[in-house]
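1. I'll drop the sequence and a predicted model, then ask my questions.
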Amino acid sequence: MEAQLRPGAREAIFAQLIDAGRSEQVARRLTDAIILGVLTPGERLPSEQELARRFGVALITVREGLVLLRDAGLVETRRGREGGSFVIQTDAPHSALLQARLRGLAQVELSDLAVYFSTIIEGCAERAALRASPVDSERLRAWLADSAGGGTAGARATAGGFYLELAVLSQSPRLVREHIRLQAEFGPLLLLALGDAGIRSRVARVNGEIAEAIAGADGPAARALVAGQVQDLAVWLLTAKARIERGGQLYDPA
Amino acid sequence: MTPPETTPPETSVPETSVPDLTDAAQLSLASCAAEVGEIFARAFRTLEGWRDAIVAAGPVRAAELDALVEALVVPALRAEPPAPGGVPESLLIGAGFIAAPQYVTGRDAHFAWWLGPLAGTPLLGTTSGPSRLDLAARVNTEFLRDFRELEWYQVPESTNHTHVTGPYVDHLCTFDYVITLTMPVRVDRDMVGVVGADVFVKSLEQVLLPHFLALASPVLLINEAGRVVVSTEPSLPAGDILPNPRHPLGDYDRMPCPGTPFLIATRTRNATI
């Protein structure tokens, strides 16, 4: 459900990039956002100058990235005063792109990303449990209660938003920044697991348990619950990769 | 002074054997509390000026409103990053006016918000001078629903009073630990938006630390929830909550900072250290 998406999740798309191959990174970041519905069909992307400033790259790099997106059929560019790059309206799933992305990462890279992501968010959750005031805990419960439902897209938005809430509750700007950077890099892949109905219901249940652990100031419990949840998502992702490598589908039809 | 609510369980010294604080210490604490009160009173006076100017301008088009707000707030923002160890020339790192839905014709929401120079944020990178917050282009219905729920908007809307939010990690603009001050802007009985300003906790610390270090015993600035803002107690840093298992409430005397939701807390003389 789009309405549950927090602005932080949207802004994370535009977090600065660091490495070489920057035009590919620009394309990948925006591709992930379009696939996950963070950028919605018909939406106008920020201007090329604005994208360059936000990503911290040269204008030419942004233009190259946008060419990749156009070639992939994800955006179209219109000229004129009301012009710009727009997300193309499509109902077709972008499974080919996702499968290419999954195949492009080695298993060892995927599992290492999961370890790093988990370590940061476990730390956020544990610290949140030590530092949340009763008002914070109540707000977190209410946030989760407001977020129920919405199918796969809603579950992804809720899961991503919940992680961000945990990071914010840690009261640590550095943890928040690092989490936003990691979520932009790895979140879209990790949250693919929420296309599975069984995982969706487990994540919803465990999110509730995490919120209760935080309300109960039980740091070790919050940490263990988060670790278990990320492990659950990572196991699904590695299983899906193996399925694709064998010539199967991203989502198990069974 | 707020009396301790609980007796520290581990103290062996009878409560009545020593006075809580000497008169001199009491005076120093009061001066810290007064200093905090004065800092926030100054900031709220600034916000009042902005509020009155926006009300006086009446309903205007977006471009005129933006020009007005920019002229009001940018001079009040910090112009340059402070030198290491230096006290910033302004405590305000972000400021502006956030309009209620439909106040700016044809817009669900309108953010006229400017940011001072920022270092290495994930969203904006490093900026050397004031820049406009660019949420406006990205505000849509889902965000509209969001921002009205946020404490810095929702509380002034429901109470009609100024509000201090935080300290909290701001994950929208500065990606830093901040305190947000907001004041409702009303035309007749309707709230047409809020004027507000963000203060970095680290800047507030730079201003308050000399006062706190002048005191003989550790001092904390906490909010109503007990969240530590500035502290000279190393085991109770900014972001922690007082009380916690290591720091029972009974170990601390608390004194309100006038006109703010903050309190100065200091160890009682008989607390176990």
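-> Sure thing, it's come through. Numbering: from 1, shown residues only, chains lettered A, B, ... in the order given.

2. Number of residues surrounding A:Ala224?
-> 17 (other Cβ atoms under 10 Å in any protein chain shown). Heads up, the C-betas are built off the backbone N, CA and C, glycines and all.

3. how close does it sit to chain B?
-> Per Cβ to the nearest Cβ, to the nearest Å, A:Ala224 is found 20 Å from chain B.

4. Please enumerate the helices of chain A.
-> Read by DSSP state H, chain A holds these helices, from start to end of the chain: A:7-12, A:22-35, A:48-55, A:59-71, A:95-104, A:107-131, A:134-146, A:151-169, A:173-190, A:197-215, A:219-245.

5. would you turn these into TSV with mean pLDDT?
-> Supplementary listing: those in TSV, determined by pLDDT from 0 to 100:
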stretch	mean pLDDT
helix A:7-12	54
helix A:22-35	80
helix A:48-55	84
helix A:59-71	89
helix A:95-104	77
helix A:107-131	97
helix A:134-146	93
helix A:151-169	88
helix A:173-190	86
helix A:197-215	97
helix A:219-245	97
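
6. Would you state the helices of chain B in chain order?
-> For chain B, the helices defined by DSSP H cover B:23-57, B:62-73, B:141-147, B:151-159, B:201-213.

7. what helices or strands is the longest one leaning on?
-> Translated: helix B:23-57. Packed against helix B:23-57 by the contact rule (3 or more Cβ pairs under 8 Å, 6 or more residues apart in numbering or on different chains; DSSP states H and E) you find helix B:62-73, strand B:92-99, strand B:177-187, strand B:190-200, helix B:201-213, strand B:219-222, strand B:252-256, strand B:263-267.

8. now for these, which one comes closest to A:Ile180?
-> The stretch from those with the least distance to A:Ile180 (Cβ to Cβ) is strand B:177-187; that distance is 14.9 Å.

9. quick one, domains of the chain?
-> Picked chain A for this. With automatic domain parsing serving as the domain definition, the record reports that chain A contains domains spanning A:2-92, A:104-245.

10. hmm, I had chain B in mind actually
-> Under the assignment named as automatic domain parsing, the residue ranges that make up the domains of chain B are B:35-79+B:90-200, B:204-267.

11. now the first one: mean pLDDT?
-> In this model, domain B:35-79+B:90-200 has a mean pLDDT of 86.

12. Span of it from start to end?
-> Taking Cα to Cα, to the nearest Å, the span from the opening residue of domain B:35-79+B:90-200 to its closing residue is 17 Å.

13. quick one: the closest residue to A:Ala215 other than its chain neighbours from chain B, how far?
-> The spatial neighbour of A:Ala215 that comes closest, neighbours along the chain excluded (Cβ to Cβ, 6 or more residues apart in numbering or on different chains), is A:Ser137 at 3.7 Å. When Cβ to the nearest Cβ is the yardstick, A:Ser137 and chain B sit 11 Å from each other.

14. Do I have it right that A:Ser137 meets A:Ile210?
-> No. Under the criterion of Cβ atoms under 8 Å, A:Ser137 lies out of contact with A:Ile210, with a separation of 11.2 Å.

15. tell me the most buried of the domains of chain A?
-> Across the domains of chain A, the average number of neighbours (mean count of other Cβ atoms under 10 Å in any protein chain shown) peaks for domain A:104-245, which reaches a mean of 19.

16. Quick check: residues of the stretch 101-250 of chain A near chain B?
-> Neighbours of chain B within the stretch 101-250 of chain A, by Cβ under 8 Å from any Cβ of the partner chain: A:130-136, A:164, A:167-168, A:170-173, A:176-177, A:180-181.

17. at 6 Å what do you get?
-> Residues of the stretch 101-250 of chain A lying close to chain B by Cβ under 6 Å from any Cβ of the partner chain are A:Arg131, A:Ser133, A:Val168, A:Gln171, A:Pro173, A:Val176, A:Arg177, A:Ile180, A:Arg181.

18. Look up how far A:Leu69 lies from the residue nearest to the third one when sequence neighbours are not counted.
-> Meaning A:Val168. Leaving out its chain neighbours, the residue that sits closest to A:Val168 by Cβ to Cβ, 6+ apart is B:Val169, at 5.0 Å. When Cβ to Cβ, to the nearest Å is the yardstick, B:Val169 and A:Leu69 sit 32 Å from each other.
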